[in-house]
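Trainee: For reference, the sequence and a predicted model appear below.
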Amino acid sequence: MYTQVNRKAARRRIRYRIRKKVKGSSTCPRIAVFRSLNHIYAQAIDDEQGKTLASASTRDATVRGDVANGSSIDAAKRVGGLIAQRLKDAGVETVVFDRGGFIYHGRIKALAEAARETGLKF
């Protein structure tokens, strides 16, 4: 239990350090990613106005029907493609990526690469 508290505190420190450098706007929103044990979530945020422009997760009906497990790399790829498609429909082509204190590896990396393949630039 002691290590889990330290792990959460370490992720929180890293997340704040990233947020000092990464800012989103309406023309170049920030894609914030959260990874839980069972799901992965991504949302595009305009930090200047404090609004969410688009969101996608493994809990969406479009993703849930396609993947068997919400905590898999395939599910993360599907979410990355979905958030990229929703942003392209909204007229956004460039974004900044906020990994939220998580290591850029596994599901986080799969989501980012799928968004790049769909056409987002970051």
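Mentor: Here it is on my side, so go on. Numbers count the residues shown, from 1 in each chain.
Trainee: Using PDB, write down the CA coordinates of the strand or helix carrying residue 45.
Mentor: Assigned by DSSP states H and E, residue 45 belongs to strand 40-46. The C-alpha trace of strand 40-46 is given here as PDB (Å, rounded to 0.1, in the frame of the first residue of the first chain):
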ATOM      1  CA  ILE A  40      -8.800   4.300 -21.700                       C
ATOM      2  CA  TYR A  41     -10.100   7.800 -22.200                       C
ATOM      3  CA  ALA A  42      -9.000  10.700 -24.400                       C
ATOM      4  CA  GLN A  43     -10.400  14.200 -24.700                       C
ATOM      5  CA  ALA A  44      -9.400  17.300 -26.700                       C
ATOM      6  CA  ILE A  45      -9.400  20.400 -24.500                       C
ATOM      7  CA  ASP A  46      -9.200  24.100 -25.300                       C
END
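Trainee: any idea how far residue 27 lies from residue 91?
Mentor: 9 Å (CB to CB, to the nearest Å). Glycine gets a C-beta too; all of them are placed from N, C-alpha and C.
Trainee: Pick out whichever of those two has more residues nearby.
Mentor: residue 27 (12 against 9; other CB atoms under 10 Å).
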